[in-house]
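**Student:** For reference, the sequence and a predicted model appear below.
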There are 2 protein chains.
Amino acid sequence: MAHSTIPDAELLDRLTEVFRAYGYHGASLSRLAAASGLEKASLYHRFPKGKQQIALAVAGGVYAWFQQHVFNPLKTAASTRDKLRIVIENLRIFYADGTKSCALDALSLAGENDELAAALKFALLAWRDAFAQVARDSGAPPDEAGSRALMAIAKIEGSLILARVLSDPAVFRRTLDELPDQLTGKAG
Amino acid sequence: MAHSTIPDAELLDRLTEVFRAYGYHGASLSRLAAASGLEKASLYHRFPKGKQQIALAVAGGVYAWFQQHVFNPLKTAASTRDKLRIVIENLRIFYADGTKSCALDALSLAGENDELAAALKFALLAWRDAFAQVARDSGAPPDEAGSRALMAIAKIEGSLILARVLSDPAVFRRTLDELPDQLTGKAG
DNA sequence: GTCTATAGCTTGATAGAC
DNA sequence: GTCTATCAAGCTATAGAC
């Protein structure tokens, strides 16, 4: 991609925003082209298999972001409190304080797209495992830790829907505030 | 089947399923026609303003269902425990044990559609108020009751996304199991 | 009230110039 | 690597027969 006028990372970011805002079916090639600043034919040059490949790249990009800003920080030797403070701040940034949807939600109504569905499932399981480790560190048994992690993720996902419908990020903010207690078991 | 009129309620149910399965943009007139058994022109006879009107009717139908099977049961004089048992069973039915999406989620990425957005917000606030009353009945102050209600709804919505991505309804089931404690404050 | 047929636009995708 | 131009198929929506 040496001669590209727009860097790959920047391009992927812009494409991601379209999928998060409109969902899989609503993210048309026209919208993707307009948002990226490229023409449709140029998008096909970079993603020869078209929209499915773009969606898969978006899912992969989001996974990579989470790996760097959520999963990896939780694996350091820092205290649970310090790690969670960083991760919560990063989640606040990723979801733009509750104003942007989760890619997991936006992409999971794609219909016939097994590869994408598998990628979303893989990413979600990695997220669960990262959160579950926090629960284990605070004394939860393995299966309880996994359930607690999934519940915490469910609250985040759900609060983003509510923030969207209500045009009010308050529920999302409270969810992030409660995340430490949620994972460490001080609340159900 | 040809030339036989379909009852309004049955028709609305089938249209609703398409929106819940594919989202607003993915629910094309062709899919709506195929699922309803009517031709596109017949759908326009019943909904002259087209897809926007269908989506609005779907939102209204879901609201009516919730009013009858969730909001009203919570207003009876029965015990909190008994009321919640009924409501939880009805939610399990509506979401088909976690295999069907929430209309709130599926319709809220519609883009430019202020009327639909307002209807979704209205329905969600009614749901919040119904759950909040349960929290108040168990001693929560008004604003805490409202927050607790929204959190409970967020968990339901989020667990449906997770169930969809994981193809596993376990998280949704656990969310429903925890709903009574969630609302009455025995868990955060 | 439902149908067939079709209009006009948008979609995902391709060909070929530069 | 990006562009203009184009295609067939799909889209929302309409007209008019029965």
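**Tutor:** Nice, thanks for sending it over. Residues are numbered from 1 along each chain as shown, chains lettered A, B, ... in the order given.

**Student:** Now do the contacts for the residue of chain A found nearest DNA strand D.
**Tutor:** Per CB to the nearest atom of the strand, residue A:41 is where chain A lies closest to DNA strand D, at 2.9 Å. To be clear about C-beta, it is placed using only N, CA and C from the backbone, and glycine gets the same treatment. Contact analysis of residue A:41 by CB atoms under 8 Å, 6 or more residues apart in numbering or on different chains lists nothing.

**Student:** residue boundaries of the helices in chain A?
**Tutor:** A:8-26, A:29-36, A:40-46, A:51-66, A:80-94, A:103-107, A:114-137, A:142-166, A:170-184 (DSSP state H).

**Student:** what's the most buried one of these?
**Tutor:** Most buried of these by mean neighbour count (mean count of other CB atoms under 10 Å in any protein chain shown) is helix A:103-107; its value is a mean of 26.

**Student:** Include distance to DNA strand C and mean pLDDT when you put the helices of chain A into a markdown table, please.
**Tutor:** Listed next are the helices of chain A as a markdown table, based on distance: least, CB to the nearest atom of the strand, whole Å; pLDDT from 0 to 100:
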| stretch | distance to DNA strand C | mean pLDDT |
| --- | --- | --- |
| helix A:8-26 | 7 | 97 |
| helix A:29-36 | 3 | 98 |
| helix A:40-46 | 3 | 98 |
| helix A:51-66 | 4 | 98 |
| helix A:80-94 | 25 | 98 |
| helix A:103-107 | 13 | 98 |
| helix A:114-137 | 13 | 98 |
| helix A:142-166 | 21 | 98 |
| helix A:170-184 | 29 | 98 |
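
**Student:** a markdown table for those helices, including distance to residue B:178?
**Tutor:** Listed next are those as a markdown table, based on distance: least, CB to CB, whole Å:
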| stretch | distance to residue B:178 |
| --- | --- |
| helix A:8-26 | 29 |
| helix A:29-36 | 39 |
| helix A:40-46 | 44 |
| helix A:51-66 | 26 |
| helix A:80-94 | 22 |
| helix A:103-107 | 21 |
| helix A:114-137 | 16 |
| helix A:142-166 | 8 |
| helix A:170-184 | 12 |
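
**Student:** between those, which gets nearest to residue B:116?
**Tutor:** Residue B:116 sits nearest to helix A:142-166 of all those, at 10.6 Å, using CB to CB.

**Student:** Would you mind getting the angle between that closest one and helix B:142-166?
**Tutor:** Interaxial angle, helix A:142-166 versus helix B:142-166 (axes from the mean of the first three to the mean of the last three CA atoms, to 10 degrees): 110 degrees.

**Student:** ok and helix A:142-166 relative to helix A:80-94, angle-wise?
**Tutor:** 30 degrees.

**Student:** Helix A:142-166 packs against which elements?
**Tutor:** Applying 3 or more CB pairs under 8 Å, 6 or more residues apart in numbering or on different chains; DSSP states H and E, we find helix A:142-166 packed against helix A:103-107, helix A:114-137, helix A:170-184, helix B:103-107, helix B:114-137, helix B:142-166, helix B:170-184.

**Student:** Out of those, which is closest to residue B:16?
**Tutor:** Closest to residue B:16 of the helices and strands packed on helix A:142-166 is helix B:103-107 (CB to CB; 6.8 Å).

**Student:** hmm, who's touching that closest one?
**Tutor:** Outside helix B:103-107, the residues touching it (CB under 8 Å, 6+ apart) are A:105, A:109, A:161, A:165, B:16, B:19-24, B:55, B:58-59, B:62, B:116, B:120, B:123-124, B:157, B:160-161.

**Student:** Please compute how far it lies from its chain's middle.
**Tutor:** Put simply, helix B:103-107 sits 8 Å off its chain's centre (CA atoms, centre = their mean, to the nearest Å).

**Student:** Hmm, residue A:179 is touching residue A:152, no?
**Tutor:** Yes - counting by CB atoms under 8 Å, residue A:152 is a contact partner of residue A:179 at 6.1 Å.

**Student:** re earlier: which of the contacts of helix B:103-107 come close to DNA strand D?
**Tutor:** Among the contacts of helix B:103-107, no residue lies close to DNA strand D (CB under 7 Å from any atom of the strand).

**Student:** Turn the helices and strands packed on helix A:142-166 into JSON lines, including distance to residue A:79.
**Tutor:** Putting the helices and strands packed on helix A:142-166 into JSON lines (distance: least, CB to CB, whole Å) gives the following:
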{"stretch": "helix A:103-107", "distance to residue A:79": "28"}
{"stretch": "helix A:114-137", "distance to residue A:79": "10"}
{"stretch": "helix A:170-184", "distance to residue A:79": "11"}
{"stretch": "helix B:103-107", "distance to residue A:79": "36"}
{"stretch": "helix B:114-137", "distance to residue A:79": "34"}
{"stretch": "helix B:142-166", "distance to residue A:79": "27"}
{"stretch": "helix B:170-184", "distance to residue A:79": "28"}
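
**Student:** Among these, which comes closest to residue A:83?
**Tutor:** Using CB to CB, these put helix A:114-137 closest to residue A:83, at 7.4 Å.
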